[in-house]
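Novice: the following comprises the amino acid sequence and a computationally predicted model.
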Amino acid sequence: MAQRHVVAKLGEIAPGTSKLVAVAGREVGIFNLDGAFYAILSKCPHEGASLCKGKIVRRVESDEPGRYRVVPGSEMIRCPWHGWQYDIRTGRSWCDPDNIALRQYAVEVESGERILAGPYVAETYPVSVEESYLVVEI
Amino acid sequence: MSLALLERSPDAATRLKVVDCDIHPTFRAESQILPFLPARWREHLLTYRRNVRQGLHGALTHTRMQVNRIDAVTPDGGPPGSDVNFMRSHRLDANNVEWGLLQSLSPAAHAERNLEFGAALATANNEWQIAEWIDKEPRLRGAIQVTQEDPEAAVREIERHAADRRFVQVSMSPRANEPLGRRRYWPIYEACERHGLPIGLHVPGFGSGYASTPAGWPSFYLEEHQTFAYIIMGVFTSMVLEGVFERFKGLKLVLIEGGFAWVPPLAWRLDKHWQRMRGEVLHLKRPPSEYIREHIWYTTQPMEEPERPEDLVRIIEWIGWDRLLFSTDYPHWDFDDPKTVFRVKLTDAQKRMIFSENAKRVYRLG
Amino acid sequence: MRVPFQGAIDCDVHVAVPSLRVLAPYLDDYWRERYELQQLDRLDLSLTSYPPTAPLSGRPDWRPKEGPPGSDLKLMQREALDWFGSRYAILNCVWGAQALFAEDMAAALCRAANDWIADEWLDHDPRLRASIVVPSQNPDLAAEEIERRARDPRFVQVLVLAGLDMPLGRRLYWPIHRAAEKHGLPLGIHAGSTYRHPPSSSGFPSFLLEDYVSNTQLFAAQVASLVSEGVFAKFPALKVVLIESGFTWLPAFAWKFNKTWRGVRAEVPWVAEPPFDVIRKHVRLTIQPADAPDDPAQVATLIEQLGCDDMLLFATDFPHWQFDGDDVLPPGLSAPLLQKILVDNPLATYTRLKEKVA
């Protein structure tokens, strides 16, 4: 059954950055894109590389050969091995979006007060009533 | 959303011991070669730099979209493949590597136009392999670098190291100045055969100065990456049709990083057109495919990924299960991981052959 | 196997210019003077890739008594058109004008050759169609020649050699692709080279056999170039026909091409789907030489690996010696696939075959 895991303080992951966490035996990448949070399983479905060791890039489109256009708000994680790219917001791969995608998890912001009331799994994460936290459901 | 395309059964994974036939050690900095060069050539390198057959002496003219696995940067920020200790933990231990075969691509001695300097670079490279790698890690095995454009110097270099069984092959460039089947290179093959050393041909980033495709120079790295196969295919054809294996019946050839799915179609094509034009190559006593089947092996990376994964098995059936040698190409970006690269189920016997036994036999490891 | 019914479309039949003497009437004043001055009638423009005397260039029973293979209309009518019962045959003149360095001269010779083909071949048999030979040395001049000859609907394709100065996807060549697309002409790329570049990246091999076998790498490089440069994104209606390329190499090549693209797609964002899918939409291949094993099951597997029934086009490659007797087709082709290879695919590729000829 899915459980809710506290993975970070709200202010800990600044916009444009990410944090790799270990939750329920998995490596999960938490990303802050323009203030919205996304969580993906940090394992490339291709050959299993730890995805979040790769760089964040944006999708490139083209209106005709020789023209490159970087699409705003299209952040993708690029696998550190073979360069496969995945849309962080949707989990879909760029090379084969209909068939290859990452597992995603819901991320919510919760107050320390509510978390301490349960039934959250804080694992080793210290929680205080004064702060807000990111919670991932796995 | 379906992930079926890439789901693998646990059987496809391996915990076998692995012989990795393509690992790239690299210099932490160019200055690392200097202590291995005589003073005369140290001075030359620092003054005149490398004289090569391309417009840039210190970079590839097709820039890679990505050179290395990003996670292979050494703990102190050094270039991937530059630290024997990190290679030990990150590569050899992590993948249960029993033997790792080094393919040293720099300083690309074979591509130096000044032949005497090229020979000095090859000698330095071999000394560096001993001092920095194979002396330090008993699982690593070297390849004797030679400058094939000066076959006499190449043979001298082979003789210098042949008794050291930690060198398990001779490394030439498949982007030589002439197709490698041609007779000017035969003294090298004679020495290899005499010492039981296979020839390992790894595709380099540059060499002869001829275009990387018969159609001319491509624009993009996407195209240049395909040329690794064309380059190897050209050498393969030349070695077979010139009669190298008719003359050197004990010679073993390992083609490295050229892929292998092209082998059956090219062998059929050679046989078919040989039937028609055999009058031109009367020195061949048998169909080309027979020499291919007896003398040539292939490393697996970059493994072609057929749209129907089971086609890979058909291709290997056609080539022969005894012909493939597993390789990762660590730390390069187009690396293949032994645990996941096969998307089809192999039998235990097939796995043992490809991951270990074939390489042990070809290279007489152990 | 044999052709099972009448009415196939033979997409590769070779016509040879027997000597420059036949072209003299088609040259303008300037070139006629040069012709006499330079004794051009003695100039041998047969390609190094196809010496007329080599076994490959002419099947023994398809060689005329005089002149190079492919220079005798009656022999071609009897042995290629009648014998295989073809409804149409497309003439490809694979010839040395493209190997010259002087591009104006090449253009004059190509104009003359195309006019000679129209007068001496197309006018003599309504089943014949032809490719426009172009001076690929200069893509603007090539496009001019396409515009000039495209008025005649019997010309159904633009023809270039596989080995030119640069890979064919390069933007320099786009005038050719633009003109071809505009007139509904596929770009036919025929085996053989001008040898501006050697057949291998380590230089020139020793044997013609090696050169011929290496056409595989040449075709693969051209396909990689056309796709990567975005020719099919820019000219979406353009079809490319690989002629005398063999086809068994294509799946292995395309798998690897796909694999690399997955990692480096950002380099060529105009390639918006996997390269093999682009190839299936735009690239066609003639079926001789087949370069396939004799086992029908293996041929069937190779065809399945192509993953598309639209790609193969029937061709005898007359008078080249690719097979003996009547077994012009590899074994193991199903009846529906035969219908596609022999008729439907050629008609879909060469749309001008459907046009009315005056």
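Specialist: Noted; the coordinates are in hand. Residues are numbered from 1 along each chain as shown, chains lettered A, B, ... in the order given.
Novice: report whether stretch C:274-293 contacts chain B.
Specialist: Yes. Between stretch C:274-293 and chain B, judged by CB under 8 Å from any CB of the partner chain, the touching residues are C:Phe276, C:Pro289, C:Asp291, C:Ala292, C:Pro293. In short, each C-beta sits where N, CA and C put it, glycine included.
Novice: mind listing what's buried along that stretch?
Specialist: Buried positions in stretch C:274-293, judged by neighbour count with 16 or more other CB atoms under 10 Å in any protein chain shown: C:274-280, C:282-293.
Novice: so which of those residues also contact chain A?
Specialist: By CB under 8 Å from any CB, the members of those lying near chain A are C:Pro274.
Novice: out of the buried residues of stretch C:274-293, which sit inside strands?
Specialist: Using DSSP state E, the subset of the buried residues of stretch C:274-293 located in strands is C:Val283, C:Arg284, C:Leu285, C:Thr286.
Novice: which among the residues of stretch C:274-293 next to chain B gets closest to C:Lys65?
Specialist: Nearest to C:Lys65, judged by CB to CB, of these is C:Pro289 at 26.1 Å.
Novice: I figured that closest one hits C:Asp317, correct?
Specialist: Yes. Counting by CB atoms under 8 Å, C:Pro289 touches C:Asp317, with 7.0 Å between them.
Novice: which neighbours do those two share?
Specialist: Counting by CB atoms under 8 Å, 6 or more residues apart in numbering or on different chains, the contacts common to C:Pro289 and C:Asp317 are C:Glu244.
Novice: how many other residues sit next to residue 31?
Specialist: You didn't say which chain, so I picked chain A. Using other CB atoms under 10 Å in any protein chain shown, A:Phe31 has 22 neighbouring residues.
Novice: try chain C instead
Specialist: A count of neighbours around C:Trp31, defined by other CB under 10 Å, yields 21.
Novice: and B:Asp348, by the same measure?
Specialist: Count around B:Asp348 with other CB under 10 Å applied: 10.
Novice: which residues touch C:Val158?
Specialist: Contacts for C:Val158 (CB under 8 Å, 6+ apart) come out as C:Ser131, C:Ile132, C:Val134, C:Ala142, C:Ile146, C:Ile176, C:Ala179, C:Ala180, C:Leu185, C:Pro186, C:Leu187, C:Gly188.
Novice: so which of the residues you listed are in helices?
Specialist: Counting by DSSP state H, the part of the contacts of C:Val158 found in helices is C:Ala142, C:Ile146, C:Ile176, C:Ala179, C:Ala180.
Novice: if we can go back for a sec, and the furthest pair within the contacts of C:Val158?
Specialist: Between any two of those (CB to CB), the greatest distance is 14.8 Å, for C:Ala142 and C:Pro186.
Novice: helices of the chain, start to end?
Specialist: No chain in the question, so chain A it is. A:112-116.
Novice: you answered for a different chain; I wanted chain B.
Specialist: With DSSP H as the criterion, chain B has helices at B:39-48, B:84-87, B:115-128, B:151-161, B:186-195, B:221-241, B:244-247, B:263-277, B:288-295, B:311-319, B:348-352, B:358-363.
Novice: with the stretch 151-300 of chain C instead?
Specialist: Counting by DSSP state H, counting those that start in this stretch, the stretch 151-300 of chain C has these helices, from start to end: C:174-182, C:208-213, C:215-228, C:231-234, C:250-264, C:275-282, C:296-306.
Novice: from the ones you listed, which stretch is densest packed?
Specialist: Neighbour counts (mean count of other CB atoms under 10 Å in any protein chain shown) averaged over each of these peak at helix C:215-228, with a mean of 28.
Novice: want to throw the contacts of C:Val158 into a markdown table with pLDDT?
Specialist: What follows is the contacts of C:Val158, written out as a markdown table (pLDDT from 0 to 100):
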| residue | pLDDT |
| --- | --- |
| C:Ser131 | 98 |
| C:Ile132 | 98 |
| C:Val134 | 98 |
| C:Ala142 | 98 |
| C:Ile146 | 98 |
| C:Ile176 | 98 |
| C:Ala179 | 98 |
| C:Ala180 | 98 |
| C:Leu185 | 98 |
| C:Pro186 | 98 |
| C:Leu187 | 98 |
| C:Gly188 | 98 |
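Novice: low-confidence bits of the chain, can you list those?
Specialist: Let's take chain A. Along chain A, the model assigns pLDDT under 70 to residues A:1, A:122-124.
Novice: my bad, the chain I had in mind was chain B
Specialist: The model of chain B has pLDDT under 70 over residues B:1-15.
Novice: right, and C:Gly203 touches B:Tyr210 too?
Specialist: Yes. C:Gly203 lies in contact with B:Tyr210 (CB under 8 Å); the separation is 5.6 Å.
Novice: the more surrounded of those two?
Specialist: The residue with more neighbours, out of C:Gly203 and B:Tyr210, is B:Tyr210; 24 against 19, by other CB under 10 Å.
Novice: which residues touch B:Pro287?
Specialist: B:Leu270, B:Asp271, B:Trp274, B:Gln275.
Novice: select only the buried ones of these in PyMOL?
Specialist: PyMOL command restricting the contacts of B:Pro287 to the buried ones, with burial defined by 16+ other CB under 10 Å:
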select buried, chain B and resi 270+271+274
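Novice: which two of the contacts of B:Pro287 have the greatest separation?
Specialist: Within the contacts of B:Pro287, B:Leu270 and B:Gln275 form the most distant pair, 9.8 Å apart (CB to CB).
Novice: hang on, the earlier thing: and the helices of chain B, which is most packed in?
Specialist: Burial of the helices of chain B is given as mean neighbour count (mean count of other CB under 10 Å); helix B:221-241 ranks first at a mean of 26.
Novice: ok, that one near chain C or not?
Specialist: Yes. Counting by CB under 8 Å from any CB, chain C is contacted by helix B:221-241 at B:221-223, B:225-227, B:229-231, B:233-235, B:237-238, B:241.
Novice: the stretch 51-200 of chain C against chain A: which residues are in contact?
Specialist: C:Arg171.
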